[in-house]
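Asks: Make a model of this:
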Amino acid sequence: MSGGSLSSDLTALPRIVEALRAGGVVLLPTDTVLGLATLPHMQAGVDRLYALKDRPRAKALPIMVASPAQLAGLGVILTPAIEQALASPFVPGALTIAAEIDPQICPDWLAGRREIAFRIPDAPLLLELLRQVGPLLVTSANRAGHPTPATASEVLAQLMGAPDWVVEGPAGADVASTLINCTRSPAVIERLGAISQAQLAQYMQVCHG
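Replies: All right, here's what the predicted structure looks like:
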């Protein structure tokens, strides 16, 4: 395991990209909580991420993208609710969106799935990483069923092993993103987090599930 940081001059990015492209798992700060990231088409990395978190394989992993343009390659079906969400001030930001995908368009690593949960983070350095490597599987850096620690050292003490690369630095918040299910009409809040129902209601029709 190595250490590094996402400095303002992006000096750590090449090493992080290298680790991901080798099928590794990276611990890094996001604009919400600390996260674990891996490339979705690298099965070894996906397997390790599940093992590190001791996460049931039946629970799909959320996806981060750099921009709405990357959604087309995932086969995301853009509904009016999703378009409203993407146009809100919470994107980029702490809003995760569950969407249906077209099985005829989605990449092989999404084969068999009918929906995904995606987020565009409000973190310039993380966005640059996503531009370079494409969509990433990024999930909270905690063991399944446990709260997400605030520091990398606490994460390492909790996980079932060590990530391949650790990006030092604080998370942007102490709460996870808010998750809305846009496969339903109106959209349903499935997890309240950094964005409240009242805030969302100013920009789109949404109810609490």
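Asks: in this protein, which spans are helices?
Replies: Assigned by DSSP state H, the helices in the chain fall at 13-21, 43-53, 80-87, 124-133, 152-158, 197-201.
Asks: Just put these in a markdown table and tack on mean pLDDT, distance to Arg113 and mean neighbour count.
Replies: (Glycine included, C-beta is placed from N, CA and C.) Output for these, formatted as a markdown table (pLDDT from 0 to 100; distance: least, Cβ to Cβ, whole Å; neighbours: other Cβ atoms under 10 Å):
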| stretch | mean pLDDT | distance to Arg113 | mean neighbour count |
| --- | --- | --- | --- |
| helix 13-21 | 95 | 21 | 17 |
| helix 43-53 | 97 | 13 | 19 |
| helix 80-87 | 96 | 17 | 18 |
| helix 124-133 | 93 | 20 | 18 |
| helix 152-158 | 96 | 28 | 16 |
| helix 197-201 | 96 | 25 | 14 |
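Asks: Of all the ones you listed, which one comes closest to Ala187?
Replies: Across the helices of the chain, Ala187 has its closest neighbour in helix 80-87 (4.6 Å, Cβ to Cβ).
Asks: Okay, now the unreliable bits of this structure?
Replies: Residue ranges of the chain with pLDDT under 70: 1-9.
Asks: For the protein, just list every one of the strands.
Replies: 2-5, 26-28, 35-38, 63-64, 95-100, 115-119, 136-140, 165-168, 178-181, 187-191, 206-208 (DSSP state E).
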